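>>> pasting a predicted model and its sequence here:
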Amino acid sequence: MRNGAPTRIAELPPSWHPSGLILDPYAGSQCWWQKSRWEPILVDKYVPMPGRVLADCIQLPFEDSTFDWVCADPPHWIRRSPLKRTSNFVNATASAWDLHATDRSHGYFGAYPDRSSLRHEWSGVARELHRVTKTGAHLIWKSIDGAKTRAQCCNADDLLCLVDWWTMIDCLSFKSCVSWSTASTIWSLWVRDD
């Protein structure tokens, strides 16, 4: 917890704790899973690391109906250029960063060029996550509500991209953990539509 807001899956209410086979399609730094009992399948598009599947969230290399839970923390910034890499906890290779800088700005260090790109991507990811999950599967989706700020990030309305494939069953909102932001972190819990 940081300033009363959860930063790891284990800090969420017990009813949100995943079980069965778990997918993390935006593995990034893996900080969600620190000090936890879970061993999810980690996917990242840009940062090759041992024990991680290198793949795009819109075309996952898994069979239909594979996972029981998905825990996703997608990129949520909207900028005309990619975010600078400021984190020291990931040893990203230079080639991975270069690839990101020339790609369509989706991924761990990513930012979308505009809101329609964010919504298009999230909708495609929601559809693909539906494909690779079992009937009754759950999805934890972490995002930021920057609607009341000058921040160029997603807002609560962007979560509507998921409703064609998932039904929201719970939502938690916390004031940002970082001092420079007035945005809220939104943790939403979804169940797969069948």
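That came through, no problem.

>>> how many residues are close by the nearest residue to W166 once chain neighbours are set aside?
Using CB to CB, 6 or more residues apart in numbering and skipping residues adjacent in sequence, the residue nearest W166 is W190, 3.9 Å away. In this view, the C-beta of every residue, glycine as well, is placed from N, C-alpha and C. By the criterion of other CB atoms under 10 Å, W190 has 25 neighbours.

>>> tell me the mean pLDDT for the helix or strand hosting W190?
Using DSSP states H and E, the element containing W190 is strand 184-192. The pLDDT scores in strand 184-192 average 87.

>>> again with stretch 32-45
85.

>>> pull up the distance across that stretch, start to finish.
One end of stretch 32-45 sits 17 Å from the other (CA to CA, to the nearest Å).

>>> buried residues, stretch 36-52. List them.
With burial defined by 16 or more other CB atoms under 10 Å, the residues of stretch 36-52 counted as buried are P40, I41, L42, V43, D44, K45, Y46, V47, M49.

>>> tell me which of these is nearest to S123?
Lowest distance from S123 to those (CB to CB) belongs to K45, with 17.2 Å.

>>> how close does that closest one sit to R8?
22 Å (CB to CB, to the nearest Å).

>>> now swap in D56 and tell me
25 Å.

>>> looking at the two, which is more packed in?
Shown here are D56 and R8; by other CB under 10 Å, D56 has more neighbours (18 against 14).

>>> quick test: name the residue nearest the centre of this protein.
Geometric centre of the chain, nearest residue: D73, 1.7 Å, by CA atoms, centre = their mean.

>>> surely the residue nearest to W166 is in contact with T167?
Yes. Counting by CB atoms under 8 Å, W190 touches T167, with 6.3 Å between them.

>>> rewinding a little: mind putting the buried residues of stretch 36-52 in TSV, distance to Q34 and secondary structure included?
Converted to TSV, those look like this (distance: CB to CB, whole Å; DSSP: H, G, I helix; E, B strand; the rest coil):
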residue	distance to Q34	secondary structure
P40	12	coil
I41	17	strand
L42	13	strand
V43	18	strand
D44	16	strand
K45	21	coil
Y46	20	coil
V47	16	coil
M49	14	coil
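
>>> so which elements touch the lengthiest helix in the chain?
Using DSSP state H to define each element, the chain has its longest helix at helix 115-132. Here helix 115-132 is seen to pack against strand 67-72, strand 166-175 when contacts are counted using 3 or more CB pairs under 8 Å, 6 or more residues apart in numbering; DSSP states H and E.

>>> which stretch in these has the least confidence?
strand 166-175 (a mean of 86).

>>> who are the neighbours in contact with the residue nearest to L162 when sequence neighbours are not counted?
Closest residue to L162 apart from its sequence neighbours, by CB to CB, 6+ apart: A126 at 4.4 Å. Contact analysis of A126 by CB atoms under 8 Å, 6 or more residues apart in numbering lists C161, L162, D164, W165, W166.
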